[in-house]
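> make a model of this:
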Amino acid sequence: MVNLKLLFVLFFTSILFGCSDTETSTADLEVTGTNGILSVTLTNSEDTSANIISLGASAIIKVKLTNADKGVITNHAIEFSSNKGTASSDARLTGSDGTTEFVVDTTGISTGIVTATISTTVDEEVLQTDILFEVVDATTVVVEEDSFNIALSIVDSTGIITNRIREQNSAQLQATLTDKDNAPIVDTPVFLLLN
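Reported below is the predicted structural model:
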């Protein structure tokens, strides 16, 4: 029964994903200036592009600096600051490939959104970007087969459950989790995989 529910969730979310014509991600950013291009990628400790990091794991911010012609800029200072958490360094130099990285340890910080600011100056032009990621509690819950139910609904911008979304309109995917007796399961994160 759980496999059938999982297939339903994957099918339903793939339909919703197909309704969108825009791709946004806080995991990859690029700032283009007159004199340089600052590219920033966020990965987790498994080197997978991600914007959700488990509490206690590392967020790795990879930075590449190139000139306007896309040639690498080496031995150039990149600065890091953050609203919470600390990185391996507040400033690093780019290497021979124009890259450097900052490792942010999330141990001991509160869960929630982290805003990391990456900046540099190229020929008196400041290139700066904020990259956001969420630190979540790493608690794992093991559930027995057939011990929960999940109901998915599309809710339009007025709060009404619907079965279609018009182009240029927004909607939310609402997931309701209940136990085998239909009692609500609270404080449990629900993750949806979109392919």
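> and A175, how close does it get to D187?
14 Å (Cβ to Cβ, to the nearest Å). (C-beta placed from N, C-alpha, C; glycine too.)
> of these two, give the one with the bigger neighbour count.
Comparing A175 with D187 by other Cβ atoms under 10 Å, the one with more neighbours is A175, at 16 against 6.
> the more buried one against V155, yeah?
No - using Cβ atoms under 8 Å, A175 is not in contact with V155, being 10.8 Å away.
> any idea of the pLDDT on the spatially most central residue of the chain?
The residue lying closest to the centre of the chain (Cα atoms, centre = their mean) is N51, at 2.0 Å. What the model reports as pLDDT for N51 is 78.
> how near is it to T115?
12 Å.
> can you check V122 too?
In terms of Cβ to Cβ, V122 sits 23 Å off from T115.
> among the two, which residue is more densely surrounded?
Shown here are V122 and T115; by other Cβ under 10 Å, V122 has more neighbours (19 against 13).
> now that one: closest residue in space, sequence neighbours ignored.
G36 (3.7 Å; Cβ to Cβ, 6 or more residues apart in numbering).
> who's in contact with that neighbour?
Each residue near G36 by Cβ atoms under 8 Å, 6 or more residues apart in numbering is listed here: 65-68, 73, 120, 122-123, 125, 127.
> same thing with T66?
Neighbours of T66 in contact, by Cβ under 8 Å, 6+ apart: 36-37, 39, 72-73, 98.
> what do you get for D130?
Contacts of D130 (Cβ under 8 Å, 6+ apart): 115-118.
> are any of those buried, and if so which?
Buried subset of the contacts of D130 (neighbour count, 16 or more other Cβ atoms under 10 Å): 116, 118.
> of the contacts of D130, closest to T86?
Using Cβ to Cβ, A116 is the member of the contacts of D130 that sits closest to T86, with 10.5 Å.
> name the nearest residue to the closest one, sequence neighbours excluded.
Per Cβ to Cβ, 6+ apart, closest to A116 is S82, 4.6 Å.
> hmm, that neighbour is touching I118, no?
No - applying Cβ under 8 Å as the test, S82 and I118 come out as separate, 9.9 Å apart.
> so where do the helices sit in the protein?
Using DSSP state H, the helices of the chain run over 2-18.
> for it, name the helix or strand with the lowest mean pLDDT.
Least confident element among the helices and strands of the chain, by mean pLDDT, DSSP states H and E: helix 2-18 (a mean of 42).
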